[in-house]
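Let me see the structure of the following:
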Amino acid sequence: MPRIPEMSEKSDATELLLAAAGGDSSALERLVPIVYTELRRVARRRLAGERSDHTLATTELVHEAYLKLVNLERLNWQNRAQFMAIASRLMRQILVDYARRRQTARRGGGRPAVELGAVAERAAVSDEPTDEILALHQVLERLERINERHARIVECRFFGGMSIKETAEALSISPATIKRDWVMARAWLNRELSA
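Coordinates of the predicted model:
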């Protein structure tokens, strides 16, 4: 069972993020030990269904996401939930970039018909889970053009493994709205992915 951060860790994380927003360049470095376990949990979930020969390890995904996070100089950090939402988005980008490189290397193509639930559960609906990630990314980009809030919710819930409450906090939206939008976004994505 994953370790849930103590309330003091959550408030420490928020304080450090606010310090980073205020110009304290060492605040993000001090933040990492506090959120590292949670970032690894998110990365591990994202990589769980990948092929056994997948060359991107959990630690590498966390480190790549962290390097991108510390380079977001102009971001006005607000709280831990926002940090985790942004980390989730960055992990999505890293996995999509990885999948694109892999697909280019094998010179394959074509979008497989998959369902969001199958991708989320990492069920084996194709021999190449990277195809699933690319297919999801493509329809998520379309969703973003139609409804950006729904796309952010999918990133937090699917790529970040965040709960309804954590997603609501990260996006400053009520949990009831997150629940409703999550159902609608999943239905839309499932329809688009199976087309």
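
worst-scoring helix or strand of the chain, pLDDT-wise?
Counting by mean pLDDT, DSSP states H and E, the chain has its least confident helix or strand at helix 116-120, which shows a mean of 47.

for the chain, what spans make up the helices?
Taking DSSP state H as the test, the helices found in the chain are 7-21, 27-47, 58-70, 80-106, 116-120, 129-146, 148-154, 164-171, 175-194.

Include mean neighbour count when you put the ones you listed into a markdown table, please.
No exception for glycine: its C-beta is placed from N, CA and C like everyone else's. Converted to a markdown table, the helices of the chain look like this (neighbours: other Cβ atoms under 10 Å):
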| stretch | mean neighbour count |
| --- | --- |
| helix 7-21 | 17 |
| helix 27-47 | 18 |
| helix 58-70 | 17 |
| helix 80-106 | 19 |
| helix 116-120 | 19 |
| helix 129-146 | 19 |
| helix 148-154 | 20 |
| helix 164-171 | 20 |
| helix 175-194 | 16 |
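
quick one: which of the ones you listed has the weakest pLDDT on average?
Mean pLDDT per stretch puts helix 116-120 lowest among those, at a mean of 47.

what's the distance between Leu72 and Leu47?
Leu72 sits at a distance of 23 Å from Leu47 (criterion: Cβ to Cβ, to the nearest Å).

could you list every residue that touches Val35?
By Cβ atoms under 8 Å, 6 or more residues apart in numbering, the contact set of Val35 is Pro5, Ala13, Arg80, Phe83, Met84, Ala87.

repeat that for 7 Å
Taking Cβ atoms under 7 Å, 6 or more residues apart in numbering, we find Val35 in contact with Ala13, Phe83.

what does Met162 give?
Met84, Ser88, Cys156, Ala170.

Let me have the residues you listed in CSV, extended by distance to Arg180.
Supplementary listing: these in CSV, determined by distance: Cβ to Cβ, whole Å:
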residue, distance to Arg180
Met84, 22
Ser88, 20
Cys156, 15
Ala170, 17
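
And the residues you listed, which is closest to Ala65?
If you rank those by distance to Ala65 using Cβ to Cβ, Ser88 comes first, at 8.7 Å.
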